[in-house]
Structures are given as structure tokens and as C-alpha cells.
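Colleague: below are the sequence and a predicted model; questions follow.
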Amino acid sequence: MAESSSLPEQPQSGGDILELNKDLEIMIEDVENISVQLAYMVYDMVALRTNPELGASMRKLEEAYQKCRGAVCGDPIQELKTDPLPDTEAQQHA
């Protein structure tokens with residue numbers, strides 16, 4: 001009987017354990033999300049240091065995406081900002 005008193009006291013209700021498990025799952029999910037964001041940040045940093053022109057290409061891609069989204073979704077602000085893309089045929093033949 002003396003041995004049983006040295007064991008840690010167990011919670012009396014199963015609800016406490018379920019609540020603790022839910023909190024733990026939420027914390028684990030948050031840490032996983034932070035880890036994924038950190039991995040993307042490191043990848044971006046390495047990619048940009050390897051090829052500095054990648055940053056300019058990514059900005060051009062983002063601008064093209066915004067223009068397309070404005071045209072498809074009918075966003076008048078994006079449509080006003082649209083300007084013709086540079087002549088890619090002239091660049092290909094050069």
C-alpha cells in the first residue's frame with residue numbers, strides 16, 4: 001500500500017486528459033507550421049544567394065499573376081495598372 005501512495009496522482013476525469021491532448025495537438029500543429037515556414041525561408045534565401053536574378057524574375061512573375069488575377073476576377077484596380085508585357089519575340093530573336 002505504501003508503494004501506491006508514491007505514484008503521481010491521476011486526473012479524476014477523462015475530460016482533463018482529452019483537453020490536455022487537444023492542447024498538445026494544437027501546439028504540435030503550430031510548431032509544424034513554423035517549421036514549414038522556416039524551411040521555405042531558408043530555401044528562398046539559398047536560392048536568392050545562388051542566383052540573384054531569381055528575385056527579379058519572381059517579382060515579374062508576381063506582377064503577371066496580379067494582372068491575370070485582376071483580369072479574371074474583374075478587379076478594376078488591377079485592370080487599370082495593366083500595361084503590355086515586353087515583346088518576348090524580339091528578345092528571343094536577338
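Modeller: Right, received. Where do you want to start?
Colleague: drop to CA atoms for contacts and neighbour counts, all remaining ones
Modeller: OK.
Colleague: sketch out the low-pLDDT regions of the protein for me.
Modeller: Along the chain, segments meeting pLDDT under 70 span 1-13, 75-94.
Colleague: okay, domains of it per the record?
Modeller: Residue ranges for the domains of the chain, per automatic domain parsing: 14-50, 53-83.
Colleague: in TSV, list those domains along with mean neighbour count.
Modeller: Output for the domains of the chain, formatted as TSV (neighbours: other Cα atoms under 10 Å):
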stretch	mean neighbour count
domain 14-50	12
domain 53-83	13
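Colleague: contacts only, for Val72.
Modeller: Under the criterion of Cα atoms under 8 Å, 6 or more residues apart in numbering, Val72 has no neighbours.
Colleague: quick check: phi and psi on Asn21?
Modeller: Main-chain torsions, Asn21, degrees, to the nearest 10: phi -60, psi -40.
Colleague: gap between it and Asn33?
Modeller: For Asn21, the distance to Asn33 equals 18 Å [Cα to Cα, to the nearest Å].
Colleague: now the helices for the chain?
Modeller: Assigned by DSSP state H, the chain shows helices spanning 2-5, 14-50, 53-73, 76-81, 88-93.
Colleague: taking helix 14-50 as reference, get the angle to the third one.
Modeller: If I follow you right, that is helix 53-73. Angle, helix 53-73 to helix 14-50, by axes from the mean of the first three to the mean of the last three Cα atoms, to 10 degrees: 120 degrees.
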